[in-house]
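Undergrad: Starting from these lines, generate the structure:
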Amino acid sequence: MSLRELAAKSKRKGRRGRLLTIKEIKRIKKRGYQAERDLVKKLREIGFKSTRIPVSAPSSEPLPDVFATKGKCIIAFEVKAPSAERAYFPKDQIKKLFDFLSIFEAYTTKIAVICAKFPYRWVFKEVDKIDDYSIQKDEKSNIRLEAMK
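TA: Numbers count the residues shown, from 1 in each chain. Below you'll find the predicted structure:
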């Protein structure tokens, strides 16, 4: 199914309750993909082996947006690039992070992280249970990537 058909079929609404155009949907997705690529680059610069998992359609497979390893640590990331003041992470996306991490028994440290790339600012939040989460633009990160081993 093409992006055009997907946009026509779904009733995707923007913040103001109107239907989004195909151009707007592409712009939103592009911003998200760029945030994922930026995170991979940032992780590699501080010594992690990391990769982005490109999933173009919603999937039932437990795949994070990005994952990284360093020593005996594996981190799964759900990434958002909101244009607004808040990023929302529904419970089903968080569950996929934990399901993904459960596959890797060899790693002693498994961390699920949600993050949002606001203009000029990243916010990272480690999550320890399956629930709905949101990140505010002015919120402080509760983890530092550089400190993880």
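Undergrad: Tell me which other helices or strands the longest helix anywhere in the chain touches.
TA: For the chain, the helix with the greatest residue count under DSSP state H is helix 22-45. Judged by 3 or more CB pairs under 8 Å, 6 or more residues apart in numbering; DSSP states H and E, helix 22-45 is in contact with helix 3-9, strand 49-52, strand 66-70, strand 73-80, strand 109-118. Every residue, glycine included, has its C-beta placed from N, CA and C.
Undergrad: got these as TSV, with mean neighbour count columns?
TA: Shown next, in TSV, are the helices and strands packed on helix 22-45 (neighbours: other CB atoms under 10 Å):
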stretch	mean neighbour count
helix 3-9	12
strand 49-52	16
strand 66-70	21
strand 73-80	22
strand 109-118	21
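Undergrad: Please save the CA atoms from the longest helix of the chain in CSV.
TA: Once non-C-alpha atoms are left out, helix 22-45 reads as follows in CSV (Å, rounded to 0.1, in the frame of the first residue of the first chain):
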residue,chain,number,x,y,z
ILE,A,22,0.1,13.7,2.2
LYS,A,23,2.9,16.4,2.2
GLU,A,24,2.4,17.0,6.0
ILE,A,25,2.5,13.3,6.7
LYS,A,26,5.8,12.9,4.7
ARG,A,27,7.3,15.9,6.6
ILE,A,28,6.4,14.4,10.0
LYS,A,29,7.8,11.0,9.0
LYS,A,30,11.0,12.6,7.6
ARG,A,31,11.6,14.5,10.9
GLY,A,32,11.2,11.2,12.8
TYR,A,33,13.6,9.3,10.6
GLN,A,34,16.2,12.1,10.8
ALA,A,35,15.9,12.1,14.7
GLU,A,36,16.5,8.3,14.6
ARG,A,37,19.6,8.8,12.4
ASP,A,38,20.9,11.6,14.6
LEU,A,39,20.5,9.3,17.7
VAL,A,40,22.5,6.5,16.0
LYS,A,41,25.3,8.9,15.2
LYS,A,42,25.3,10.3,18.8
LEU,A,43,25.5,6.8,20.2
ARG,A,44,28.3,5.8,18.0
GLU,A,45,30.3,8.9,18.9
